[in-house]
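Trainee: Whatever this is, show me its structure:
(4 chains)
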Protein chains: 2
Amino acid sequence: MTSMKAIRRFKVQQPKSLVTIVEERLRKAIIDAEMRFGEALSEDALSSALGVSRTPVREALARLQLQGLVTIVPKKGTFVFAPTAEDVAELCTFRFMLESNALRECLATARVATLDGMTSAIAAMDAAQASGTRHDYARADTGFHEVFFLHCGNRYLGNAYRSVSGRVAALRTHLSVPLEGEQARSMSEHRLMVEAFANGRLADLDGLLRQHILRARDAYGDVLRRASAG
Amino acid sequence: MTSMKAIRRFKVQQPKSLVTIVEERLRKAIIDAEMRFGEALSEDALSSALGVSRTPVREALARLQLQGLVTIVPKKGTFVFAPTAEDVAELCTFRFMLESNALRECLATARVATLDGMTSAIAAMDAAQASGTRHDYARADTGFHEVFFLHCGNRYLGNAYRSVSGRVAALRTHLSVPLEGEQARSMSEHRLMVEAFANGRLADLDGLLRQHILRARDAYGDVLRRASAG
DNA sequence: GCTCTGTATCTTGCATACAGGACGGAGATT
DNA sequence: AATCTCCGTCCTGTATGCAAGATACAGAGC
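Mentor: Alright, predicted model coming up:
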């Protein structure tokens, strides 16, 4: 017991449970568009495909439902979520609200840390744009927005964002792909936001964010409407 | 098939799953202070007490964790959540943000419906104050705040509120009880909010709401600090 | 040819069985 | 007396088995 103090920092994180592993795997599969909206997911098929029993699969699906990534229909089955245009509109409105509040907090209490985070996120987006796939860019985009919640100092705000971020990220990879010129426009908007943040211009920042998210909302809505029509 | 149209309306709602029943029962138990903060919950004990197997209990606990009502420690057990003063502060800040945004939406798009809802919620609070238990009053208070999200027209906002409303309600019943004069003060604040809403004075409304929630935050924080100190 | 009905087969919902980690207390050791 | 160690007991994590609802399709009856 004498040397206890010295080894305090060796605490290891325990191995992830199967539930967590399955959850993360499925989450990734949905977000990265390995599965399509509305696709059926059988617990049995998943469990044998992943090499685990149905129990952890079932629990993971329940968690994903809470994140809005799958829809569980009693006695029928589980399906990848299938957003409607209205869904997307509400989602984006909500998202704007969260990000706007988070940014205000960041500006007030963690200005330099947030700025650092935004800057390196922008760098990642640059790199992805130069040499990565579109999914790489989408991931970097997701990372940019997550910075706000990392530094906003309110866990609940972060949790709320996490509960919708999966859907947002999925929309990005599923729908944004066909839109030409999206990436360049998105990049420039992000840069403008960083600039406004650096100068502490909260009102401008809010306007930019609103424009950025609501434009995305309309773009996604268009794609969805076109898809459901044709 | 000829008489199909006539019996369309006979559709029955399916029986709730055991998971849902257990979840609601436990949620009620925690919110109504049948269990204390930090109390241990054994899956085995719960399942035999409730007369179901461990499986639905386990799933229900997982859902409650997502709502922040219990804390699951791997390989150790599940415990009723135990808020710290900081927790409560963040929670209330977040709550103010949600309610403020919801109220703005209500005022813009569902003024009369919201006003009706607020009015009858106030009536319920009156009734509870006159002849009910303190828990009845707490429930009515919870109902008042839920009105905003019923009419705000954004499901995500409502979901976000639901994900913290359990904690808020639990704090109300667990902590508000010892505070003398709270109820009268709370009532008058609610009335003022209804008045401001009816007159469409958004700025006033926001100020009242902020005052209402932040005062609750400080009160809860005091009680918690006193409890952890003594 | 069309409608209805029975059934085969999918799905999930729940119960139970088993394995392994965490913790506490009794006993051994210094 | 203090401490270490071992073991019993509790707990959760996971696998599996069984029952029952949902669906699609084939065949009977008109």
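Trainee: can we go C-alpha only for contacts and neighbour counts from here?
Mentor: Noted.
Trainee: tell me the contacts of residue A:167?
Mentor: By CA atoms under 8 Å, 6 or more residues apart in numbering or on different chains, the residues touching residue A:167 are A:31, A:67-69.
Trainee: could I get those as TSV with secondary structure, distance to DNA strand D and neighbour count?
Mentor: Shown next, in TSV, are these (DSSP: H, G, I helix; E, B strand; the rest coil; distance: CA to the nearest atom of the strand, whole Å; neighbours: other CA atoms under 10 Å in any protein chain shown):
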residue	secondary structure	distance to DNA strand D	neighbour count
A:31	helix	23	25
A:67	coil	19	19
A:68	coil	21	19
A:69	coil	20	28
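Trainee: for stretch A:155-165, what is the average pLDDT?
Mentor: Mean pLDDT, computed over stretch A:155-165, is 94.
Trainee: again with stretch A:170-187
Mentor: Mean predicted lDDT for stretch A:170-187 stands at 80.
Trainee: Which positions in it come out as buried?
Mentor: Buried residues in stretch A:170-187, counted by 16 or more other CA atoms under 10 Å in any protein chain shown: A:170-176, A:183, A:187.
Trainee: next one: stretch A:132-143
Mentor: For stretch A:132-143, by 16+ other CA under 10 Å, it's A:134-143.
Trainee: likewise stretch A:86-100?
Mentor: Quick answer for stretch A:86-100 (16+ other CA under 10 Å): A:87-100.
Trainee: Can I get it in CSV? Just the C-alpha atoms.
Mentor: What follows is stretch A:86-100, C-alpha atoms only, in CSV (Å, rounded to 0.1, in the frame of the first residue of the first chain):
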residue,chain,number,x,y,z
GLU,A,86,-40.6,17.9,-41.9
ASP,A,87,-38.4,15.8,-39.7
VAL,A,88,-35.4,17.4,-41.2
ALA,A,89,-36.8,20.9,-40.8
GLU,A,90,-37.6,20.4,-37.1
LEU,A,91,-34.2,18.7,-36.6
CYS,A,92,-32.3,21.6,-38.1
THR,A,93,-34.3,24.2,-36.2
PHE,A,94,-33.5,22.4,-33.0
ARG,A,95,-29.9,22.1,-34.0
PHE,A,96,-29.6,25.8,-34.6
MET,A,97,-31.0,26.5,-31.2
LEU,A,98,-28.5,24.2,-29.5
GLU,A,99,-25.5,25.4,-31.4
SER,A,100,-26.4,29.0,-31.0
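Trainee: hmm, it touching chain B?
Mentor: Yes: shown here: stretch A:86-100 in contact with chain B (CA under 8 Å from any CA of the partner chain) through A:90-91, A:94, A:97.
Trainee: How about the residues of chain A by DNA strand C?
Mentor: For chain A, the contact set with DNA strand C under CA under 7 Å from any atom of the strand comprises A:41-45, A:55, A:73-78.
Trainee: Include secondary structure and distance to chain B when you put the buried residues of stretch A:170-187 into JSON lines, please.
Mentor: What follows is the buried residues of stretch A:170-187, written out as JSON lines (DSSP: H, G, I helix; E, B strand; the rest coil; distance: CA to the nearest CA, whole Å):
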{"residue": "A:170", "secondary structure": "helix", "distance to chain B": "16"}
{"residue": "A:171", "secondary structure": "helix", "distance to chain B": "16"}
{"residue": "A:172", "secondary structure": "helix", "distance to chain B": "18"}
{"residue": "A:173", "secondary structure": "helix", "distance to chain B": "21"}
{"residue": "A:174", "secondary structure": "helix", "distance to chain B": "21"}
{"residue": "A:175", "secondary structure": "helix", "distance to chain B": "20"}
{"residue": "A:176", "secondary structure": "coil", "distance to chain B": "22"}
{"residue": "A:183", "secondary structure": "helix", "distance to chain B": "27"}
{"residue": "A:187", "secondary structure": "helix", "distance to chain B": "27"}
